[in-house]
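Chemist: This is a predicted model, with the sequence first.
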Amino acid sequence: MPAPDLRIGIDVGGTNTDAVVLDGAARVVAQAKTPTTPDVTTGIRAALALVLEAPAVDRSRVTHVMLGTTHATNALLERRRLGRVAVLRIGAPATRAIRPLFSWPEDLRRTVSAGEAVVGGGVDFDGREIAPLDRDAAARFLGSTGAEADAVAITAVFSPVAHEHELRARELAHELLGPEKVVSLGHEVGSLGLIERENANVLNAALTDVAHGVGEALTEALREHRLEAVVFFAQNDGTLMGLDYAMRYPVLTIGSGPANSLRGAAYLTGCDDAIVVDVGGTSTDIGVLVGGFPRESSTAVEIGGIRTNFRMPDVLSIAVGGGTILTEDAGGVRVGPRSVGYELERRALVFGGATTTLTDAAVARGRARIGHHAPPDALAALFEAALGHTDEALADGVDRMKTGRAERPLIAVGGGSVVVPDRVPGTSEVLRPENHDVANAIGAGIALAGGRWEGVIHLDGNRRAGLDAARKKACTRAVEAGADPSKVAVVELDEVPLAYLNQPAARVSVKAAGPLGWI
Amino acid sequence: MIEPVRRIDAEVVPFLARGCAILGTGGGGEVYTGSLMSLQALEEFGPIDVVTLDDLPDDGLLMPIGMMGAPTVGIEKIPSGREGVVLRDHVERLTGRRVVAAMPSEIGGSNGLLPVAWAAQLGLPLVDADSMGRAFPELQQVSQHVVGRRPDLIVLTDVHGNLVTLGATSGEWAERVGRAVTVAFGGSSAMADFIMPVGEARGAVIEGSISRAVAIGRAVSDSADPLGALVEAVGAVRLIEGRVVDVERRTTGGFARGTVVVDGTGEDRGRALRIEIQNENLVAFDDGAVRACVPDLITVVDAVTADAIATEMLRYGQRVAVVAFPCDPLWRTARGIETAGPRAFGYDFDYVPIEVAGARA
């Protein structure tokens, strides 16, 4: 009997849900594509069932299932299945000038909040206490609102520097509300920036139920297919986390899609520094690979109208995809923004349909050979103009995303990537790897387990010790997320000195990752 | 003609924030936290009045206020909201006189917003003025110092209500001692400085700053051509439109220094502009020639939205426009240039007003 060596990667996109089966050498053994369903779970089950039907797949050999899903994002956007959270901030007398959840949309605040309090405690940037933790006030708040809340979110000032007060408040919550009460801690979820970290922490607590729902559905699906595989979830930084970890930090799954496709593109080409252009049915995501990982956005990220400080992949979306509809009027040729989406194979001219799409233009101009109808010659001028617009938009987008003057390869992936020309200004070459249309699912399948730590270290003589401690914390988190302790390594370290202070301190961010350990 | 602002309510705050960011010339701290503080205080205590010096009794005290310290601390250890009350009470106790109005000491960046929150809680009006007309990194770089006033009464406080009263013999000493106190307070402090009777404030402050910030914010928000609206609102020279092709940063002595190079596109193709930075944008060079310099204002904005881009947010590939516009005439006096001209920042050349430097092609 062959060794158990297969892993399944599943990625939920806006249009399609993709699944791949990879062998021990990470070669694609089988792949499947199904439309994404409104409840997401049905689409995942369908993709899983489809890919397992492939004759090359021996299900007894499947060891891991990696899932990149949009459940959490959808729950927030639709305000569905969100838990009620007791919001405890530790920082008084500081921070009262902005109360918890002040910036939230009113309907989401009403849905999520079981009550908010700001109690004494927290630390300064150098770790000294702002005030002792006010246990009595915390106990009064937890006692009055904790029982009707599904979860508790605790966020203390400068907890990325020192998190003692958050730990003590969690103990208190468990004493008062029982050990099974879900408690989410700010320092485990977000980085510096109190309001953004608190927001992320509260969202995380609110998503507990959603996460457990996905976990159960996936476990159930595996049981139906008699798969004895370990489950991992894709995180928004391009790494994976184990099921238990994902149940504790569901908010980290938000934004995992673009990260998966970037990692998949790196894997398929062996190219660690490149521009990745992922063309879907309706839109194109342009991202950048640096050292094999997605370059992260430096600006605040809003999720469902809530500002957070997550390290999301820096992605530029443009409204051009394989299904983009082409029209012509007095003003000239128009490319989009409407699209036929997943109905391309029914509505595009080359498939015998009646709608002129960008894919038709790509076929007419010799960029692709798909479909079974030749695009009409009468539209030649329209096709040429449309591709001209598209090439310009792509070149402009690529140029905006470039990290430096150096020309890097461009990796074209995604179902609509036939529209990408063979030469794009500012890039050294255009790579079109095999299986590019399921790069996202492959990215989920081959990802490493990862963890991150961010905080402030002091530079007076002890910089090395401070940095070492930071590295260690990030590695510990990666191992908690499922990385093999003997192979985990730091993949990124950022050190930014604090300005306007004449005392040496720096903000440090460390990311560690490693291949999955055998659990 | 700028329409005077008479009142600040929740509707005005986003415009004020956009204007303050543009007047921050790349520094001064982010305006998001200050906006939230202002909105909460306005919701709790109601809108605040904005007045001119003529609306106030000459013998009443005017209290300029702002935060000093690291922006990173400001986004984590957020103020208590009571800082304004603590400062006012202490000033009145020390002087035996009544504070009749507050004023932002620095309109550029976060310090243009925080006084709104404090004034709302104090129930005091804000004077339509500030001490800089922009953002500057050091405490002595203020209009009062330029007109020869000594900072003989500075009050600093923290979230606990600790108070330090400082009598400094010069602006430079105030900067040195104030910075040390700020570190002891945990990296940020709330401060009232150059407290003076209203009657003595004429000519010693830069009037119209709040209205100007709001007008700028409204202009860029309401227009289909935000960049054109910005240029018109402040009488700016467009130095270049193009893309960022080089960003270099280093932090020395508590200051974020660096350079940014913008390569021209469109009509500016073939030209490049280099901006030198020390927390704020200091000088813009075109092929070695100075096109704009402090104390005139140099702001890098998004080419499409005309939103200010803080220096730490500048990145390769961004589409930007660089605009420069005249500082308040006070900064163009001999002492103004000595305080905040190119030589005050270590450059070995004389100040050239933007009207002259910007016209050189």
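Modeler: Great, that's in hand. Predicted, not measured: the structure shown is a model, and the values here were computed from it.
Chemist: Might you list the low-confidence residue ranges for the chain?
Modeler: Because you didn't say which chain, this covers chain A. A:1-2, A:298, A:403, A:460-461, A:497-504, A:518-519 (pLDDT under 70).
Chemist: hm, I was asking about chain B
Modeler: B:251-256, B:360-361.
Chemist: Go ahead and flag the most central residue of it.
Modeler: For chain B, residue B:108 is the residue whose C-alpha lies nearest the centre (C-alpha atoms, centre = their mean; 2.2 Å).
Chemist: That one contacts residue B:19, doesn't it?
Modeler: No. Between residue B:108 and residue B:19 there is no contact under C-beta atoms under 8 Å: 9.5 Å. From N, CA and C alone the C-beta is placed, and that goes for glycine too.
Chemist: mind giving me the domain ranges of chain A?
Modeler: A:1-81+A:208-254, A:83-206, A:317-439, A:448-514 (automatic domain parsing).
Chemist: The last one: how far from the chain's middle?
Modeler: By that I understand domain A:448-514. 21 Å (C-alpha atoms, centre = their mean, to the nearest Å).
Chemist: List the buried residues for the helix or strand hosting residue A:244?
Modeler: Per DSSP states H and E: residue A:244 is located in helix A:243-248. Neighbour-count burial for helix A:243-248 flags A:243, A:245, A:246, A:247, A:248 (criterion: 16 or more other C-beta atoms under 10 Å in any protein chain shown).
Chemist: Which single one of those residues is nearest to chain B?
Modeler: Lowest distance from chain B to the buried residues of helix A:243-248 (C-beta to the nearest C-beta) belongs to residue A:248, with 23.6 Å.
Chemist: next helix or strand past the helix holding residue A:244?
Modeler: Immediately after helix A:243-248, counting by DSSP H and E, sits helix A:256-269.
Chemist: Please save the CA atoms from that next one in CSV.
Modeler: Extracted C-alpha coordinates of helix A:256-269, given in CSV (Å, rounded to 0.1, in the frame of the first residue of the first chain):
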residue,chain,number,x,y,z
SER,A,256,-6.8,34.6,3.0
GLY,A,257,-7.8,34.3,-0.7
PRO,A,258,-5.3,36.7,-2.3
ALA,A,259,-2.6,35.3,-0.1
ASN,A,260,-3.3,31.8,-1.3
SER,A,261,-3.1,32.7,-4.9
LEU,A,262,0.2,34.6,-4.4
ARG,A,263,1.7,31.6,-2.6
GLY,A,264,0.4,29.3,-5.2
ALA,A,265,2.0,31.4,-8.0
ALA,A,266,5.3,31.3,-6.2
TYR,A,267,5.2,27.6,-5.8
LEU,A,268,4.1,26.8,-9.4
THR,A,269,7.0,28.9,-10.9
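Chemist: buried residues in the helix or strand hosting residue B:176?
Modeler: Secondary structure assigned from DSSP H and E places residue B:176 in helix B:171-184. Judged by neighbour count (16+ other C-beta under 10 Å), helix B:171-184 contains these buried residues: B:171, B:173, B:174, B:175, B:177, B:178, B:179, B:181, B:182, B:183.
Chemist: so residue A:150 makes contact with residue A:111?
Modeler: No. Contact criterion C-beta under 8 Å: residue A:150 and residue A:111 do not qualify, at 11.7 Å.
Chemist: Cool, thanks, talk later.
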